[in-house]
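*Asks:* sharing a model prediction with you, sequence too.
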Amino acid sequence: MRTRPILDWPNGGALAPSGDLDDVEEILANGSVAVLSGAGISTESGIPDYRGATGSLRKHTPMTYEQFVHSADNRQRYWARSHLGWRTIARARPNAGHAAVAALSAAGYVSAVITQNVDGLHRAAGNGEGVELHGSLDRVICLSCRRLSPREDLDRRLRAANPTFQDASTRINPDGDVELADELIALFNTVPCDACESGILKPDVVFFGENVPKPRVQQCYDLIDQARALLVLGSSLTVMSGLRFVRHAARAGKPIAIVNQGPTRGDELAAVRLNVPLGPTLTRLADRLGCTTAAA
């Protein structure tokens, strides 16, 4: 991997955001860059974001952990909507942005990938060692016996329990559920854990109002400590679970670059801030650095 002089970002990049693609390339060219990605990197795969111009939080409030745990009706609503939405998530494929990040990782420019997404697309693109900060929709956990199982297994069981349940959804949401009429939700049958035969099943993702496991948070801090710089891709950094890592990098004096369509809560900490589409931009960066990207 070629190297170039490191740009001199005073105060670790705590400047008004500016710059261009050359500046992002400059940061990447010296390697050891940690990536923090959000929903914006998956929109080109057909998965909507929460807070962009058409983000689902403008129309949809995700279920909280407390609502899910303490109400059988809420769990019925969640699983009815998620059972249909999961099919869209499962069909989604990595896009050019995921492929470029994987290529930059393979070449040594990117040292770690931390994603706020639960769609598994970084993993599918080849970043198998990345950290899925909020978990993944392709796993299910029992809240009683704590057994993890593949989402495909639960999907088969739910299909068997609901053989006539029809897809009458209107919109897919980033957390893998859909908009569905109440009268259809009332007809849906949930199933318990098939290991302990009574436990409540929950997708192995961090719900709103739920904490990211402390060991996972510490792992992310460690990866940023080991990196020379931080590159944020497609995250508005609205929630603290992602913003804390940007602040951590800034306190350590590491250069921060943000590529996101729309403002972010970390903009004032960035040395470089680009408001451009991720897929084409990351492909250009990978090409400039001599990385071959897999076809998306």
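*Replies:* That came through, no problem.

*Asks:* just checking, Leu154 touches Pro192?
*Replies:* No - the pair Leu154 / Pro192 is not scored as a contact, 10.7 Å apart, by CB atoms under 8 Å. (C-beta placed from N, C-alpha, C; glycine too.)

*Asks:* more neighbours, these two?
*Replies:* Leu154 (21 against 14; other CB atoms under 10 Å).

*Asks:* SS state for that one?
*Replies:* Using DSSP: H, G, I helix; E, B strand; the rest coil, the structure places Leu154 in helix.

*Asks:* all numbers from here: first residue = 45
*Replies:* Sure, I'll start counting at 45 from here, so that last one is Leu198.

*Asks:* what's the spacing between it and Arg137?
*Replies:* 22 Å (CB to CB, to the nearest Å).

*Asks:* one step back: now do the shared contacts for Leu198 and Pro236.
*Replies:* Leu245 (CB atoms under 8 Å, 6 or more residues apart in numbering).

*Asks:* check whether Gly63 really touches Val316, as I assumed.
*Replies:* Yes - assessed by CB under 8 Å, Gly63 is found in contact with Val316 at 3.7 Å.

*Asks:* and the helices in the stretch 45-194 of the chain?
*Replies:* For the stretch 45-194 of the chain, applying DSSP state H, counting those that start in this stretch gives helices covering 65-73, 109-114, 116-135, 140-150, 165-169.

*Asks:* wait, a helix at Phe232?
*Replies:* No - counting by three-state DSSP, Phe232 is not part of a helix but coil.

*Asks:* the closest residue to it other than its chain neighbours: what's it in contact with?
*Replies:* Once flanking residues are discounted, Phe232 sits nearest to Ala124: 3.7 Å by CB to CB, 6 or more residues apart in numbering. Contact analysis of Ala124 by CB under 8 Å, 6+ apart lists 209, 224, 228-229, 232.

*Asks:* again with Asp221
*Replies:* Asp221 neighbours (CB under 8 Å, 6+ apart): 122, 125-126, 128-129.

*Asks:* from Asn161, how far off is it?
*Replies:* From Asp221 across to Asn161, the span is 15 Å (CB to CB).

*Asks:* same question for Val290.
*Replies:* 17 Å.

*Asks:* on that earlier part again, who wins for neighbours among the contacts of Ala124?
*Replies:* When neighbours are taken as other CB under 10 Å, the top entry among the contacts of Ala124 is Leu224 (21 neighbours).

*Asks:* chain neighbours aside, what residue packs nearest to that one?
*Replies:* Nearest non-adjacent residue to Leu224 (CB to CB, 6+ apart): Arg125, at 5.0 Å.

*Asks:* isn't that neighbour up against Asp226?
*Replies:* No - the pair Arg125 and Asp226 does not pass the contact test of CB under 8 Å, sitting 10.9 Å apart.

*Asks:* check contacts around the residue nearest the centre of the chain.
*Replies:* Centroid check for the chain by CA atoms, centre = their mean gives Asn161 as the closest residue, at 1.3 Å. Contact partners of Asn161, counting by CB under 8 Å, 6+ apart, are 81-83, 85-86, 91, 176, 178.
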